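Novice: let's see this in three dimensions:
(chains A, B and C)
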Amino acid sequence: MDGFYNLPVSDFTERVIRVVRRIPPGRVATYGDVAELAGYPGAARAVGTVMRRCSSRDVPCHRVVSAGGTLGGYGGNLELKRALLRAESLVVGRNRIRNFARVRWQGKKRG
DNA sequence: GCATTGACTAGGG
DNA sequence: GCCCTAGCCAATG
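Specialist: Okay, the predicted model is just below:
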């Protein structure tokens, strides 16, 4: 473990950060998936709250997108998020991932 | 401690 | 295909 740079405000945040950090490059996960992997199914919205705060700068929050395949948001810098995702060899349209279902990372969960 | 917000999700029109 | 509504959880004021 590299250790956290910032002290997690809650166990939930810590778990979310841990999951998001496990997202490999070239893959993306949905807020709902991250929440579930974190142990809080249905807390997709809460995940967004944590991401917005970005407690740890080591968290690739740009690899977290909404369930529909849309980027969702990036603190108002969708353009940046789009660029980051495109840099991950992902095919991102105007504000939506094309092969979203193919690059969707569900914690190595078969599906 | 209550009310509001926020980068959400699923369902119905 | 898109817009609106209800439900959901955590953080903030």
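
Novice: strands of chain A, start to end?
Specialist: Applying DSSP state E to chain A gives strands spanning A:29-30, A:64-65.

Novice: got those strands as TSV, with distance to DNA strand C and mean neighbour count columns?
Specialist: For glycine as for every other residue, the C-beta is placed from the backbone atoms N, C-alpha and C. Formatted as TSV, the strands of chain A follow (distance: least, Cβ to the nearest atom of the strand, whole Å; neighbours: other Cβ atoms under 10 Å):
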stretch	distance to DNA strand C	mean neighbour count
strand A:29-30	13	24
strand A:64-65	15	26
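
Novice: to DNA strand B, which of these lies closest?
Specialist: strand A:29-30 (3.9 Å; Cβ to the nearest atom of the strand).

Novice: other SSEs contacting the closest one?
Specialist: Packing contacts for strand A:29-30, counted by 3 or more Cβ pairs under 8 Å, 6 or more residues apart in numbering; DSSP states H and E, involve strand A:64-65.

Novice: partners of the strand it packs on in the sheet?
Specialist: strand A:29-30 (parallel) (DSSP bridges).

Novice: wait, residue A:70 touches residue A:95, no?
Specialist: Yes - counting by Cβ atoms under 8 Å, residue A:95 is a contact partner of residue A:70 at 5.8 Å.

Novice: what about the helices in chain A?
Specialist: A:11-21, A:31-38, A:44-53, A:78-87, A:100-103 (DSSP state H).

Novice: need the ones you listed in JSON lines (columns: distance to residue A:59, mean pLDDT and mean neighbour count).
Specialist: Below are these laid out as JSON lines (distance: least, Cβ to Cβ, whole Å; pLDDT from 0 to 100; neighbours: other Cβ atoms under 10 Å):
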{"stretch": "helix A:11-21", "distance to residue A:59": "5", "mean pLDDT": "92", "mean neighbour count": "20"}
{"stretch": "helix A:31-38", "distance to residue A:59": "10", "mean pLDDT": "95", "mean neighbour count": "23"}
{"stretch": "helix A:44-53", "distance to residue A:59": "8", "mean pLDDT": "92", "mean neighbour count": "18"}
{"stretch": "helix A:78-87", "distance to residue A:59": "13", "mean pLDDT": "92", "mean neighbour count": "16"}
{"stretch": "helix A:100-103", "distance to residue A:59": "18", "mean pLDDT": "92", "mean neighbour count": "14"}
